[in-house]
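Asks: structure for the following, please:
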Amino acid sequence: MIEEKKMAPSPEIMKSVEQLDYRVTVGDVAANAGLEINLAQQQLLALAADAGGHLQVADSGDIVYLFPKNFRSILRNKYWKIALKEWWEKVWKILFYLIRISFGIVLIASIILMAIAITLILIAISSNSDSDSGSSSGGSRNSSRGGTSFFFFNFSDLFSPFYYNYGDSYRQNRNNSGEKNQLNFLEAVFSFLFGDGLPNPDLEERRWQEIGTVIKNNRGAIVAEQIAPYLDDISASSQEYEDYIIPVLARFNGYPEVAPDGGIIYYFPELQVTASKRQIQAKSSYLRESLWKFSQAGSGQIMLAIGLGSVNIILALVLGHLLTGEIADQLGGLVAFVDSIYLLLLGYGIAFLVIPLIRNFWIQWRNEAIKERNKQRERRAMELNRADENLRRKIEYASQFAAQKVIGNEDITYSTETDLLEQEAQRSDKIDEEWRRRLERN
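Replies: Numbers count the residues shown, from 1 in each chain. As a prediction, this is how the structure comes out:
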């Protein structure tokens, strides 16, 4: 006997149930989450079974799903995967933060490490030179002290004061402008190197949610031009024959209807059934993609990162010049360790500036494509707003199929909340009362 493997409930379904106040129909959830009708129905049934939900059946045969408001707690106790996922999300936030700041820490550590190694080498070279020339030990100490002081003075002036002064100034400017300071310098280094993630991580989810909202706002009956501003890559032939609406029909179980003038309208019966009367929801006129951004770090933070990266390369080149010969073996210790990882330090310094440069060109190329897609969707939205006579007639014809069937508690004939015999008795009383009203009216 094969045991069916149970899957954890869909996060999109749970979120939609909460947004719709825990009493929903399949059409409500499908439109809100942008999911396929069949998938939404399967997931709702699974969620009702796992979370102690109830089914309410109306006279028309339509089904309403009723969920307890603490259904997440019920699922958390039942599914270890959900609890583990929530725990991992908390742990991952900490781990990812450590990963983000590690690149800035490595950069600063690399600079400090190479600066100390260069200083030790210069001191050793200076000492050997003074010894060979027969200089006095006092003069040698003064020269060594002067060289060390001079070097560390420049190192301190170059990094510490500039960084802390800039940080205070940056925070003050951000606070004065009313903006929230989101990135510290170590986070800004990661943002400079790798950016801040996808600009449109939920693009497909937003697309289908917008389309579902359009259908719901038009009470389940639309024309193809009304959802065109939310789709991509609509060719001339596809626009003429309206092939681009086929995926929408498949997802929401829609049906075409030919208008008297030959145009086609589309209606979605299952999205016309709702558990409660809902107002027209706000939506954007077209699906707009956000552009890729090079970095969320401030311009000053980016300049500081570039400056530190440049200094890192310069120090690596100077160190490479000083490490010629057997100086590392003679000094040992820290200098020998730096010599062993020299290629790694040099490679990190080069990659620190090369990666953002390549990423900048790649972002510009991607943004051009996004701008073009946004432009095409905006143009379709403008064409819809300036509808000609034929399009207006199609929209008017579609309104004849528009409907909203609200299933209230008074329409429920059966519910899994109460005992079947009790419901049958209540239903019998309801039928008797209806007959009595009809007889009195006659």
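Asks: could you list the domains of the chain?
Replies: The chain resolves into domains spanning 1-78+408-442, 108-405 when parsed by automatic domain parsing.
Asks: least reliable of these by average pLDDT, please.
Replies: Lowest mean pLDDT within those: domain 1-78+408-442, at a mean of 74.
Asks: now do the strands in the chain.
Replies: 23-24, 54-58, 63-66, 221-222, 255-258, 264-267, 273-274, 405-406, 412-415 (DSSP state E).
Asks: wait, which of these is closest to Val338?
Replies: Checking the strands of the chain against Val338 by C-beta to C-beta gives strand 23-24 as the closest, at 64.0 Å. Yep, even glycine has a C-beta here, placed from its N, CA and C like the rest.
Asks: picking that back up, which of the strands of the chain sits most buried?
Replies: Highest mean neighbour count among the strands of the chain (mean count of other C-beta atoms under 10 Å): strand 221-222, with a mean of 25.
Asks: output the contacting helices and strands for that strand.
Replies: Contacting strand 221-222 under the criterion 3 or more C-beta pairs under 8 Å, 6 or more residues apart in numbering; DSSP states H and E are the following elements: strand 264-267, helix 389-399.
Asks: give me the sheet partners of that strand and which way each runs.
Replies: strand 264-267 (antiparallel) (DSSP bridges).
Asks: got a list of contacts for the partner strand?
Replies: Strand 264-267 is contacted by residues 220-224, 242, 245, 248-249, 254-259, 394, 397-398, 401-402 when judged by C-beta atoms under 8 Å, 6 or more residues apart in numbering.
Asks: any idea how far Ala109 is from the nearest residue to Ala51 once chain neighbours are set aside?
Replies: Nearest non-adjacent residue to Ala51, counting by C-beta to C-beta, 6 or more residues apart in numbering: Phe71, 3.7 Å away. Relative to Ala109, Phe71 is positioned 49 Å away (C-beta to C-beta, to the nearest Å).
Asks: which of these two has more residues huddled nearby?
Replies: Comparing Phe71 with Ala109 by neighbour count (other C-beta atoms under 10 Å), the higher total belongs to Phe71, at 20 against 12.
Asks: pretty sure that one contacts His54?
Replies: No: judged on C-beta atoms under 8 Å, Phe71 makes no contact with His54 at a distance of 11.2 Å.
Asks: who touches both of these two?
Replies: Shared contacts of Phe71 and His54 (C-beta under 8 Å, 6+ apart): none.
Asks: who's in contact with Pro269?
Replies: Taking C-beta under 8 Å, 6+ apart, we find Pro269 in contact with Gly220, Asn253, Tyr255.
Asks: that older thread, select, out of the strands of the chain, the one closest to Leu304.
Replies: Taking C-beta to C-beta, strand 23-24 is the member of the strands of the chain nearest to Leu304, at 51.4 Å.
Asks: what is that closest one packed up against?
Replies: strand 63-66.
Asks: by contact count, what packs against the strand it packs on?
Replies: Under the contact criterion of 3+ C-beta pairs under 8 Å, 6+ apart, strand 63-66 touches strand 23-24, helix 37-51, strand 54-58.
Asks: what strands flank the shortest one, and is each parallel or antiparallel?
Replies: Based on DSSP bridges, the strands next to strand 23-24 in the sheet, each with its direction, are strand 63-66 (antiparallel).
Asks: all helices for the stretch 1-150 of the chain, in order.
Replies: In the stretch 1-150 of the chain, the helices defined using DSSP state H, counting those that start in this stretch lie at 11-19, 26-33, 37-51, 71-78, 80-132, 137-158.
Asks: before we move on, back to that, please list only the buried members of the contacts of strand 264-267.
Replies: Neighbour counting over the contacts of strand 264-267 (16 or more other C-beta atoms under 10 Å) leaves 220-224, 242, 245, 248, 254, 259, 394, 397-398, 401 as the buried ones.
Asks: what is the burial count for the closest residue to Tyr286 other than its chain neighbours?
Replies: Distance criterion C-beta to C-beta, 6+ apart; nearest residue to Tyr286, sequence neighbours excluded, is Pro229 at 3.6 Å. By the criterion of other C-beta under 10 Å, Pro229 has 25 neighbours.
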